[in-house]
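Novice: turn this into a model:
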Amino acid sequence: MTATLAESRVEDYRRDGFLFPMRAMSTEQAASYRARLEAFEAEYGPQAGGVLRSKSHLVLPWVNEIIRLDPVLDVVESIIGSDIYCWGSSFFIKDPHHPGFVAWHQDAPFSNIPAGGEMLTAWIALAPSIPENGCLKVVAGTHTEQAPHSFVEGTDNLLSQGQEIAVEVNEDDATSLVLEPGEFSLHHQFIFHGSAPSRSDQRRVGIAVRYMAPYEREGEPTDYATLVRGEDPYNAFIREPVPSSDMDPTAVAYRDDQLVRLHGDRYRTTM
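Specialist: From the prediction side, this is the model:
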């Protein structure tokens, strides 16, 4: 594959810390993936949310397809090079008029990124993502360093630890990343970002896919990731398998082992 992002757009990303909108797939393909998602939710009920929260690409083959979409990888390749791992994936879903919000935060401090690694996120929309239903917002140029965070309980913050940036963020400086179904945005691991509650009758459905390049590390690899393009000349990660069918028991057990190792029992699928 050939990287397709113009150098001027690469410079925009390095200056601002984000890019949008770009086309990941057709509107029809996005609708097909959304239908599979909602069929999965209907079949598995409350359990579905826990699966979709982290690394569902390890147990759902159609999500494993999404993390490998060539138009997305072409853009990612322009930023980090031709060898690409998927470090993680998380669906972010807001039902109509849901009070949940995502507080201003940075991804890197809470993504268990191995020391020395750098991550960027492709946020892929399977439904319209607009201000009315709480689309992603970012603050340009805030990606230069890690900021302090605080932890607040008892709110509708959708982040798993209730984290939020412990510095003042001016909402007037934010850019709303409006996306049509099948479009995606790209953002840096340190950029300030968040989203408001939904005030819309439209459901917001998107998946955040975390990408990293392999890099030189000391000793044998102990972290797991999915190679989605190129090679790993440094043997930086243990390569994750591709699931053969939805919720195959072997794949479910494998995913559980990985997430419990990183996050503890709160991410376990089978208790």
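
Novice: distance of Pro249 from Val76?
Specialist: Per CB to CB, to the nearest Å, Pro249 is found 32 Å from Val76. Placement of C-beta: from N, CA and C, glycine included.

Novice: neighbour count winner among these two?
Specialist: It is Val76, of Pro249 and Val76, that has more neighbours when counted by other CB atoms under 10 Å, with 25 against 10.

Novice: pLDDT averaged over the one helix or strand that one maps to, what's the number?
Specialist: Using DSSP states H and E, Val76 maps to helix 70-80. What helix 70-80 shows for mean pLDDT is 97.

Novice: so in that sheet, which strands flank the next helix or strand after it, and in what orientation?
Specialist: Next in sequence after helix 70-80, counting helices and strands by DSSP H and E, comes strand 84-94. In the sheet, strand 84-94 lines up against strand 204-212 (antiparallel), strand 224-229 (antiparallel) (DSSP bridges).

Novice: got the ones you listed as a markdown table, with mean pLDDT, mean neighbour count and distance to Ser150 columns?
Specialist: Formatted as a markdown table, the strands paired with strand 84-94 follow (pLDDT from 0 to 100; neighbours: other CB atoms under 10 Å; distance: least, CB to CB, whole Å):
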| stretch | mean pLDDT | mean neighbour count | distance to Ser150 |
| --- | --- | --- | --- |
| strand 204-212 | 97 | 24 | 22 |
| strand 224-229 | 97 | 20 | 30 |
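
Novice: want to throw those into CSV with distance to Ser195?
Specialist: Formatted as CSV, the strands paired with strand 84-94 follow (distance: least, CB to CB, whole Å):
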stretch, distance to Ser195
strand 204-212, 8
strand 224-229, 26
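
Novice: out of those, which is closest to Leu136?
Specialist: Using CB to CB as the measure, strand 204-212 is the one of those that comes nearest Leu136, at 7.8 Å.

Novice: the helices in the protein, which residues?
Specialist: Applying DSSP state H to the chain gives helices spanning 7-16, 27-44, 46-53, 61-66, 70-80, 249-263.

Novice: which of these comes out lowest on mean pLDDT?
Specialist: For these, mean pLDDT drops lowest on helix 249-263, to a mean of 89.

Novice: check the offset of it from the chain's centre.
Specialist: Here helix 249-263 is found 18 Å from its chain centre; the criterion is CA atoms, centre = their mean, to the nearest Å.

Novice: please save the CA atoms from that helix in CSV.
Specialist: Only the C-alpha atoms of helix 249-263 are listed here, as CSV (Å, rounded to 0.1, in the frame of the first residue of the first chain):
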residue,chain,number,x,y,z
PRO,A,249,-14.8,-19.4,23.4
THR,A,250,-11.1,-19.7,22.8
ALA,A,251,-10.9,-16.1,21.6
VAL,A,252,-13.1,-14.8,24.5
ALA,A,253,-10.7,-16.5,27.0
TYR,A,254,-7.7,-15.0,25.3
ARG,A,255,-9.2,-11.5,25.4
ASP,A,256,-10.1,-11.9,29.0
ASP,A,257,-6.5,-12.9,29.9
GLN,A,258,-5.1,-9.8,28.1
LEU,A,259,-7.5,-7.3,29.6
VAL,A,260,-7.4,-8.7,33.1
ARG,A,261,-3.6,-8.5,33.0
LEU,A,262,-3.9,-4.8,32.0
HIS,A,263,-7.0,-3.6,33.9
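
Novice: let the chain start at 26 from now.
Specialist: All set: I'll call the first residue 26, so the last point we hit is now helix 274-288.

Novice: quick one: it to helix 71-78, angle?
Specialist: Taking axes from the mean of the first three to the mean of the last three CA atoms, to 10 degrees, one finds helix 274-288 and helix 71-78 inclined to each other by 60 degrees.

Novice: list the buried ones in helix 274-288?
Specialist: By neighbour count with 16 or more other CB atoms under 10 Å, helix 274-288 contains the buried residues Ala276, Val277, Tyr279, Arg280, Asp281, Gln283, Leu284.
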